[in-house]
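1. fold the following for me, if possible:
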Amino acid sequence: MQNKSEKWIAVDWGTSNFRAYLLEGSQVVDQVLTNEGMKFLNKNKFEKVLVNNISKWLSSNNTIQVLASGMVGAKQGWIEVPYTETPCSVMKLKVLSPKVKNKKIKVFILSGVAQNYPEDVMRGEETQLAGYFLNHPNFSGSICLPGTHSKWVKVKNYEIINFNTFLTGELYEIVKNYSVIKHSVSTEQICEKTLLEGVDKILKNQGNFSNELFQLRAKHLLKNQTLDESNSLLSGYFLGLELLGSKHYWYKKDVILIGSDYLNHFYELCLKKEVNSIKKFSSSEMTLKGLNYFKNNLNFHVLMTS
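-> Below is the predicted model:
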């Protein structure tokens, strides 16, 4: 069991961002956030980036444990941690401890989860699910984790039964920033009513998706459609596609949202009239809860070391 005053470091290391938290027991004492995600690093840079960011927390007298989850354990990450395969309990993930040069740290990296059919993978979201289950052990239903790669997960009693990933956030950013319509959607403002109109259009006629995208440019040029209107519709179109593909997870079901306050709000807006119930939780809080659980149970989960 974990000493309540023991210091340790939790790391959420994703594709784009690095987040580290210094904790005493389960209490966050300090934190750091940078844009040094997995996609910006070579394999031999991970330890250096980690140490640079947490150097002020290190002591010459003690070795501190660092527990990390996310894309840091991917094939392109620090070291590849083999997936845990579905159906599986999110409370029993594999853990790998890579060799480090710095003797002030001992690093542990959690595995992701893989599904053989339909083929799918996750890294990071499984830790959030573990955090959620700590206070909701009997929940059975659907959990949505909105983000760059949104996950819809069917769970039952700690177990992931199956899941689907949607490239919603990444596709939105690509079209918004690199396509011919980028000048028509160059704003961050979202009008909720217009977003819902976009969702409804795609739910009724998904075959017209590509044409609707180009119309954003045409209406901006010919009808003076505002940037706010166009960006709201663009968001709605991509959300509509995701909701269409994930309908079997949410229609008339109990749904849990685990994401940022911003994304949770818009998903709730789109779903609330069509689900039995919907509850929202912070992804960062669930990540910390999950990492704290595995920190408390490291002796049971470290199956291998590099």
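2. all contacts plus neighbour counts: C-alpha atoms, from now on.
-> Fine.
3. who touches stretch 143-158?
-> 89-91, 125, 130, 133, 137-142, 160-170, 246, 249, 255-259, 263-264, 267, 283 (C-alpha atoms under 8 Å, 6 or more residues apart in numbering).
4. 6 Å instead?
-> 89, 138, 140-142, 161-167, 169-170, 255-259 (C-alpha atoms under 6 Å, 6 or more residues apart in numbering).
5. can you say which of the residues you listed are buried?
-> Among the contacts of stretch 143-158, those buried by neighbour count (16 or more other C-alpha atoms under 10 Å) are 89, 140-142, 161-166, 169, 255-259.
6. flag the shaky bits of the stretch 151-300 of the chain, pLDDT-wise.
-> Filtered on pLDDT under 70, the stretch 151-300 of the chain yields the residue ranges 299-300.
7. could you rerun that using 50?
-> Within the stretch 151-300 of the chain, not a single segment meets pLDDT under 50.
8. that one: strands as residue ranges?
-> In the stretch 151-300 of the chain, strands defined by DSSP state E, counting those that start in this stretch lie at 159-166, 254-259, 277-282, listed in chain order.
9. can you pull the buried residues of the last one?
-> So the one you mean is strand 277-282. Buried, per 16+ other C-alpha under 10 Å, within strand 277-282: 278, 280-282.
10. and of these, the nearest to residue 37?
-> Nearest to residue 37, judged by C-alpha to C-alpha, of the buried residues of strand 277-282 is residue 282 at 20.5 Å.
11. surely the closest one touches residue 259?
-> Yes - using C-alpha atoms under 6 Å, residue 282 is in contact with residue 259, at 5.3 Å.
12. what about the residue nearest to residue 65 when sequence neighbours are not counted, which SS state?
-> Of all residues not flanking residue 65 in the chain, residue 106 sits nearest, at 4.8 Å (C-alpha to C-alpha, 6 or more residues apart in numbering). Under DSSP: H, G, I helix; E, B strand; the rest coil, the three-state class of residue 106 is strand.
13. for this structure, longest helix please?
-> When the chain is parsed with DSSP state H, its longest helix is helix 227-245.
14. list the buried residues for that one?
-> Neighbour counts over helix 227-245 (16+ other C-alpha under 10 Å) mark 227-243 as buried.
15. got it, and stretch 195-206?
-> For stretch 195-206, by 16+ other C-alpha under 10 Å, it's 195-203, 206.
16. using PDB, write out every CA atom in stretch 193-213.
-> Taking Å, rounded to 0.1, in the frame of the first residue of the first chain, the C-alpha atoms of stretch 193-213 are listed here in PDB:
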ATOM      1  CA  LYS A 193     -27.900  26.100 -32.300                       C
ATOM      2  CA  THR A 194     -26.000  26.100 -35.600                       C
ATOM      3  CA  LEU A 195     -23.800  23.100 -34.400                       C
ATOM      4  CA  LEU A 196     -27.000  21.200 -33.700                       C
ATOM      5  CA  GLU A 197     -28.300  22.000 -37.200                       C
ATOM      6  CA  GLY A 198     -25.000  20.600 -38.600                       C
ATOM      7  CA  VAL A 199     -25.400  17.400 -36.600                       C
ATOM      8  CA  ASP A 200     -29.000  17.000 -37.700                       C
ATOM      9  CA  LYS A 201     -28.100  17.500 -41.400                       C
ATOM     10  CA  ILE A 202     -25.600  14.600 -41.300                       C
ATOM     11  CA  LEU A 203     -27.900  12.300 -39.200                       C
ATOM     12  CA  LYS A 204     -30.500  12.700 -41.900                       C
ATOM     13  CA  ASN A 205     -28.300  12.500 -45.000                       C
ATOM     14  CA  GLN A 206     -24.700  11.400 -44.300                       C
ATOM     15  CA  GLY A 207     -24.200  10.800 -48.000                       C
ATOM     16  CA  ASN A 208     -24.100  14.500 -48.500                       C
ATOM     17  CA  PHE A 209     -21.300  15.100 -46.100                       C
ATOM     18  CA  SER A 210     -18.600  16.000 -48.600                       C
ATOM     19  CA  ASN A 211     -20.900  18.400 -50.500                       C
ATOM     20  CA  GLU A 212     -22.000  20.000 -47.200                       C
ATOM     21  CA  LEU A 213     -18.300  20.700 -46.500                       C
END
